[in-house]
Each structure stands twice: as structure tokens, then as C-alpha cells.
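# Sequence and computational prediction follow.
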Amino acid sequence: MASLMPLIATVLLFALHGCSANTPDRVRLEGDQHLAGQNTEWKAVGPAPISARHKLVFALSQRNVGELERTLMAVSTPGNPRYGKFLSAEQVDRLVQPDAASVQSVVEWLERDAGVSVARDCEFTRAREFLDCDMSIEQASALLAVRFQEYESAGVKAMRAAGHYTVPTRVAEHLDFVGGAHRLPVEQHRLRPNSTQYRLAKAHGMLSQTPSSLREQYGVGSAVGTGTDDKNMQSVAQFLDQHYLKEDLEKFMEKYGTDFKHMSEVAKEVGPNLGRAGIEASLDIEYIMALGANIPTWFWSTSGRHEGQEPFLLWIQAVANTTTIPNVISVSYGDDEDTLSAIYMQRVGAEFQKLGVRGVSILFASGDDGAGCHKAIFRPNFPATSPYVTAVGGTYQTADGEVGVSFSSGGFSNVFAQTSYQATGVKHFLETSEHLPEERLYNKSGRGYPDVSALSTDFIVISNGFSTPADGTSCAAPTFSGVVSLVNDKLINEHGKTALGFLNPFLYETGYHGLTDITSGCNEGCSGHGFCAQAGWDPVTGLGTPKFTSLLEEALKAKSLH
């Protein structure tokens, strides 16, 4: 390690104030990323010990990313000759895996510049698109030319760069970003609904959702999956120590699953599931299994908070490394777009594309901050803003039907451009809405979200043995996901078709006929309302809420075009 000391000394002098700038020999990969100290949940407590061990994740640049997107749209768009002809995990690997020169460049940098033994201390994912390395803070500082700080939140400590990191120019073209340098685990905050309409509805007892009420609301009735075919599976993804109890799930199904065939156990647990149950995890697993009843279900849990890692990044790697995965994945996790680097979000988007070309539907809760507000402009929520996932907004029930709820996150991305599949719907909204906010508040050329919606207030959840109400688009995501799983089950097992895969091109082209258009309700924004629902697509409820039988009919029509 003695040979590293001159470099370490240079790094510490150069990064005295916690950041390093571009030089002819070094460049920033994530110059637009918020620094760890800007996260109010985590407070700096002092320099990270140089001997402390730390994990860095190197996201190697992938090949053929343009071809990947073209393939995704081809296999996902009804009428295209390739619609439904999904790729295997191995075919995706061959398409996008980094070339040998990129791998060699990154490995040589690690070994020569910081003395990291890649063979001993690092591990590649299957396609070599990610490289995880365990190293000392001294080595991490040498590699990234930045000092590391220790941060603390709720008794948990983590180490991150005190400023923006840089990498050698010769290496920069081979990397998208380095995980473990900036992003810290972010606690999810849910807004309680507070619109006047919502309070009136609740006062008149028109709420309290259970599996039976949701199955009736969305036309599911007694429809269930085959229960034995591993060609159709579904999953929820959990982060930040969110776990469920098997006893809670059994009790929930015993109490609320009496009028439909169901499973009371998950088919597979991936990752840790220990300790007390979390409301989020209990909600997700109970309702995806109640709407997507009798369909094998995975509970995919990712550690990270107590280990100081980036839980969402760990999950992305785990998915990339898994050959056989469920057809539908429901996720209730998000972060503000403006706190993340563009290259990080774009790379995560590429990972979503890789799932889509494999025939996986990924549904994200849109968030619970309405249009959001930060520095007097609206604040979009990622990953819901990614064009390669289906974002699910929220509604609540009134005597006159469903209404968009005020906390339903929706608007327009500041990072991702508006996509072709939604261009017509977004154009119609912008041209016809009578309640548009000031143009300075949002990016009207950005990707619009959410795509769809579902009920999201007063869900009855059993967690740690007790019944409790839950609100948020976290209710909507597993609900809509379960309906999609049922459609897939009918397509695969009764009609010999492939799964729906990436949903959005289908939904915006013809699938919206299988939805109920929600035409009232506004989300919150800056000092007032954000956007308001209307006929057609809108940034509160998307294209609408599911009608199972109609959605299945539209799916069969789309699959019959070939």
C-alpha cells in the first residue's frame, strides 16, 4: 500500500473541500448528482476511516443500447411482426454485454491505480455489466480522487464521497457511473390524503378497500390463475428493511379470501425476510396475491439500509443476474428526479429495457407527492418517470365513482423526453385541459406520468397481527399488477399466447379500451393544485383504472394481429 500514499496525499489535497473538478486527465461521471450531505435524512459525522471497508459498484458501459430500445419497442408494440417474440436472458446478454476492451480497461484501472485484487475482492454479474468490489476507503479515495465522509441516520452509518468523484479520462468511456460514491438509502414518506372530496367520502363511509371490494370494482369476480404453471409468476420488490410475516399473509387470506381460490404462501423468497413486518411489504404481498389470486408469487427483498448500500441498485443487479424471473413485478419505491444524476437514471432505464425485451411487465407506484414542489417548480418522481416502466397513480372512491386523489404523483419528467407511444394522448391533454398550471412549473416536452391508476386509499392490511388502514399509490401498484397477472394467466394458459411484457405501447395504442377513464380530481402542486384529471390521458390518473374482462379482450385482439 506504500506505493499508493503519494496519490492519496494528492487526492486529499485536491479534494480538501470534498470535491474534485474535471482536468485533462480526469472527468466527472455524475456531476449533476446531489451530494450525500444534501440529503437531509443523513448527517455528516466525520471523515470515513481510511482502513474501513467499503463497497463500490462499477456500472460498465453496455453495447448496442440503441438496438436494445428498438428491440423493446418491436416486441412490445401490437401490429409489429416481432410483437410478443421476447428474448431470453442469454440473448439479451449477448446483445448488450460490455466489450472485452471495456472490461479490461476497468480491471486494469482498479488493480494499477489502487491495488485492488479483482480476482479476490470483486465480483461480476453474469453479463459483466456490473462489477462489485470490496475495498478500503483509502483505495476508494485513490480511485475516485475524492475524500469519503461518514454519515448517520437513525443510528445507521454509511460512507459516501464528500464531493463529486472523478475517473481517469481513459476509463470514463467504459463506465456509466460508480455506485456507493453518492446515493444513500432514502426513507419513503407517504402523504396522507387531504383533499376536501376525500375527507367527505371518508366521512360518509364510502371507503375501506378489501380484496372482495377491489375484485368487484375491477371486474375480476372469481377469476383466478391456474396455480401450478411456472410460465406465469408475479413478484413484489421491497427495500429498506421492509419484510412480511407468513402468519399475517395466512391470516389476511383466511379473513378476506373466502370467496375466491387463492394461495396463502409465497412461492419464493429472494433476499432477507426477518424481523417485524412492515406496512409497505405487508400491503404489497397481500394485495398482489389477492388480485392476482392463485398465481405463484415471489417476495423479492433487498437489504441495504443497515449495510449503507444503495438498495435499489442492489436490486437492479440482482434482477440482471437472474435468468428466470416473474412476468410481472410490482414496485413501490421512488426518489426525486432532481436528486439523481441523469446518467444513473438512464442506465437504470436500460436495465428496465432489458427486462421488457424478456417479456416482463414492471409497474411502479407513481409516488405520493402530487406534482411535487421544490424551488417553486414541480418535482417529478423517478423511476415512475422512466419511459420503460408503467407508472401507477392513485384514485379514491366516491358515490359517483373513482376520482383522482390529491397525493397521486404525476406530471412530466425533466430528464426523459416524451415518448412516441404517448405523444397523441399527451398532446390532447395539453391542448384541451382547462386547468393547466403555469408553464414555468413543468416541462411539457417531458415523458408524462402516470400511465394508469387504481384505488389507493383505506386499504385494510394485516401487519404484525393487527389490521390497519394504508393509503398511497403503494396500494394502487400491486392492485393493478395483480390484474395484469390474471390477464397474462389467461393469455398463456387458456389461449397459448405470450405474456403482455412491457405494457405501455399496448396500453396507449388500444389497451386503454380495457380501462375506465377517470375524469375528475386534481393532484397537489406548488401552493395549489398541480394537474387535473379529464377525459383521455392525464397526469393524475393516466389512462385510467383496470376492467379485467375488457383488458383481457383487448390483449387477445392485440395478440391476434399476427
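Noted; the coordinates are in hand. Every value quoted in this text rests on a predicted model; they were computed, and no experiment measured them. Numbers count the residues shown, from 1 in each chain.

# rest of the way, CA atoms for contacts and neighbours
OK.

# tell me the SS of Met345?
Under DSSP: H, G, I helix; E, B strand; the rest coil, the three-state class of Met345 is helix.

# who are the neighbours in contact with it?
Going by Cα atoms under 8 Å, 6 or more residues apart in numbering, Met345 touches Phe382, Pro383, Ser386.

# Most neighbours of all these, which one?
Within the contacts of Met345, most neighbours by other Cα atoms under 10 Å means Pro383, with 27 neighbours.

# if we can go back for a sec, so which of the contacts of Met345 sit within helices?
Among those, no member falls in helices (DSSP state H).

# can you redo those residues as TSV with distance to Ser222 and pLDDT?
Converted to TSV, the contacts of Met345 look like this (distance: Cα to Cα, whole Å; pLDDT from 0 to 100):
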residue	distance to Ser222	pLDDT
Phe382	35	95
Pro383	33	96
Ser386	34	98
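
# and of these, the nearest to Leu313?
Pro383 (11.9 Å; Cα to Cα).

# The closest one contacts Ile362, doesn't it?
No: using Cα atoms under 8 Å, Pro383 is not in contact with Ile362, being 10.6 Å away.

# what do these two both touch?
Each of Val389 lies in contact with both Pro383 and Ile362 under the rule Cα under 8 Å, 6+ apart.

# quick revisit: tell me the one of the contacts of Met345 nearest Glu254?
So of the contacts of Met345, ranked by how close each gets to Glu254 (Cα to Cα), first place is Pro383, at 34.4 Å.

# Can you name the residues that contact that closest one?
Contacts of Pro383 by Cα under 8 Å, 6+ apart are Tyr333, Gly334, Asp335, Met345, Phe364, Val389.

# Just the pLDDT at the first one, thanks.
In the prediction, the pLDDT value recorded for Tyr333 is 86.

# Could you pull up the residues touching it?
Gln188, Phe239, Phe364, Ala365, Gly367, Pro383.

# Make JSON lines out of the contacts of Met345 and add distance to Gly79.
As requested, the contacts of Met345 are arranged in JSON lines below (distance: Cα to Cα, whole Å):
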{"residue": "Phe382", "distance to Gly79": "30"}
{"residue": "Pro383", "distance to Gly79": "28"}
{"residue": "Ser386", "distance to Gly79": "24"}
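
# ok, so of those residues, who is nearest Leu441?
Phe382 (17.5 Å).

# Could you give the bridge partners of that closest one?
Asp335 (DSSP bridges).

# isn't it right up against Val331?
No: contact between Phe382 and Val331 fails when scored by Cα under 8 Å: they sit 11.8 Å apart.

# Let me see the ranges of the strands in the stretch 301-450 of the chain.
328-331, 335-336, 361-365, 381-382, 390-398, 401-404, 411-417, 446-449 (DSSP state E, counting those that start in this stretch).

# Relative to Ala172, which of these is closest?
strand 411-417 (21.4 Å).

# Using CSV, write down the CA coordinates of that closest one.
Output of strand 411-417 as CSV, limited to C-alpha atoms (Å, rounded to 0.1, in the frame of the first residue of the first chain):
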residue,chain,number,x,y,z
GLY,A,411,-46.5,15.3,-14.2
PHE,A,412,-43.7,15.5,-16.7
SER,A,413,-40.1,14.3,-16.5
ASN,A,414,-37.2,16.8,-16.6
VAL,A,415,-34.9,14.0,-17.7
PHE,A,416,-36.7,11.8,-20.1
ALA,A,417,-38.3,13.1,-23.3
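
# Number the residues from 11 up from this point.
Done: numbering now begins at 11, and the last item shifts to strand 421-427.

# That one pairs with which strands, parallel or anti?
strand 456-459 (antiparallel).

# Quick one: the helices in the stretch 11-160 of the chain, in order.
With DSSP state H, counting those that start in this stretch, the ranges of helices along the stretch 11-160 of the chain come out as 15-24, 75-86, 99-106, 110-124, 128-131, 147-154.

# Perfect, I'm done here.
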